[in-house]
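In: Fold the following and give me the result.
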Amino acid sequence: MTSLLTTAFVKSVIALHLLASPTTVLSTDKPATPESFEASAYVNKERKIRLSIDKSAAEAMTVNLRPVGKAATVFTEHVGRRATKARLLLNVDQLPDGLYELELRTASGQLTRRIDLKTPVETVLPQRLLTIR
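Out: The predicted model follows:
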């Protein structure tokens, strides 16, 4: 009899706990997709873009560089699905100054970054002559 009462009490406590606990609803509006790659890019002093790509998924990637607002690409590179890392050096010293889009595209998503190419201005430092007498 005691175990029967204990079982009934435990069941009611568990039922009350489940009813009182907030329900967790998963949002299905926009499912979270894992990032399949990481990338970093910068323009060095010699007007070359250094691009570093680390992929976590085995999928092909296309790298495009084009002027902002134009469809024609000035550079295209394909990274195979078996490559997990890619290090690219884009020589852009012949391109005119302006804004460019660097687009990395895979089947699971894309990453677009703007790059501002400017011709470096040489600064002339004053020269001094020190004479010790």
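
In: In this structure, mark out all the helices, start to finish.
Out: For the chain, applying DSSP state H gives helices covering 2-20.

In: got a pLDDT number for residue 109?
Out: On pLDDT, residue 109 comes in at 84.

In: Same question for the one 3 residues further on.
Out: Residue-level confidence at residue 112 comes out at 89, pLDDT.

In: Could you count how many residues lie near it?
Out: Close neighbours of residue 112, defined as other Cβ atoms under 10 Å, add up to 10. All C-beta atoms are positioned from the backbone trio N, CA, C, and that covers glycine.

In: shouldn't it be in contact with residue 102?
Out: Yes. Using Cβ atoms under 8 Å, residue 112 is in contact with residue 102, at 7.1 Å.

In: just the strands in the chain please.
Out: Assigned by DSSP state E, the chain shows strands spanning 37-43, 48-55, 61-67, 75-79, 85-91, 98-106, 109-117.

In: low-scoring stretches of this protein, by residue?
Out: The chain contains residues with pLDDT under 70 at 1-35.

In: one more time with 90, if that's ok
Out: 1-48, 55-58, 69-71, 81, 84, 92-95, 97, 106-112, 116-133 (pLDDT under 90).
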